[in-house]
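Asker: Next input, structure requested:
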Amino acid sequence: MIHAQFDPTARQLLAAAAVEAKTRKDLSWQQIADASGLSVAFTTAAVLGQHALPQDAAEAVADLLGLDADAALLLTTVPTRGSIPGAVPTDPTIYRFYEMLQVYGTTLKALVHEEFGDGIISAINFRLDVKKVADPEGGERAVITLDGKYLPTKPF
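Answerer: A predicted model of the protein is given here:
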């Protein structure tokens, strides 16, 4: 049976314990994802309290991190989503994404609607990828792909 959380506290505490275990064991998110059998983006989001893991994946992740059966069970519950408290994020990395949406949000909206019509990009039927590439001008660049299914608005 699928169970849902109504209070994010339990998943937040589990996320903190999981990150502590990840650090103590010197594991990468990719290694944890490999144990889960799922993508690194989905697994990371799940461990950080934003998705539920299938039971076999939850057990594998809990085992790798040295977490108990209760933690594995909690990893299978549907969380109360939302990882950024307050109005404006203060973490510099998260703030830059907020800044990008402040600057380019209306542009993205205009381009999506011009290309697809009235609707939304799903965050449920969704893929996320982060890659590091060389910058031709020196240094490195981050290439972030947000790949969501388009869901048209349906008049009723």
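Asker: So in the protein, which strand runs the longest?
Answerer: Counting residues, the longest strand found in the chain (DSSP state E) is strand 119-134.
Asker: got the contact list for it?
Answerer: Strand 119-134 is contacted by residues 39, 41-42, 45, 112-113, 140-153 when judged by Cβ atoms under 8 Å, 6 or more residues apart in numbering. C-beta: built from backbone N, CA, C; applies to glycine.
Asker: what's the angle between the least confident helix or strand in the chain by mean pLDDT and strand 119-134?
Answerer: When the helices and strands of the chain are compared on mean pLDDT, DSSP states H and E, helix 92-116 comes out lowest with a mean of 89. Per axes from the mean of the first three to the mean of the last three Cα atoms, to 10 degrees, the angle that helix 92-116 makes with strand 119-134 is 130 degrees.
Asker: Can you list the buried residues in helix 92-116?
Answerer: 98, 112 (16 or more other Cβ atoms under 10 Å).
Asker: centre of the chain versus that helix, how much separation?
Answerer: Mean-position distance between helix 92-116 and its chain equals 18 Å (Cα atoms, centre = their mean, to the nearest Å).
Asker: still on that earlier bit, direction included, what does the longest strand of the chain pair against?
Answerer: Looking at strand 119-134 with DSSP bridges, its partner strands are strand 140-152 (antiparallel).
Asker: Check the offset of the partner strand from the chain's centre.
Answerer: 13 Å.
Asker: quick one: contacts of that strand?
Answerer: Residues contacting strand 140-152 (Cβ under 8 Å, 6+ apart): 112, 116-123, 125-135.
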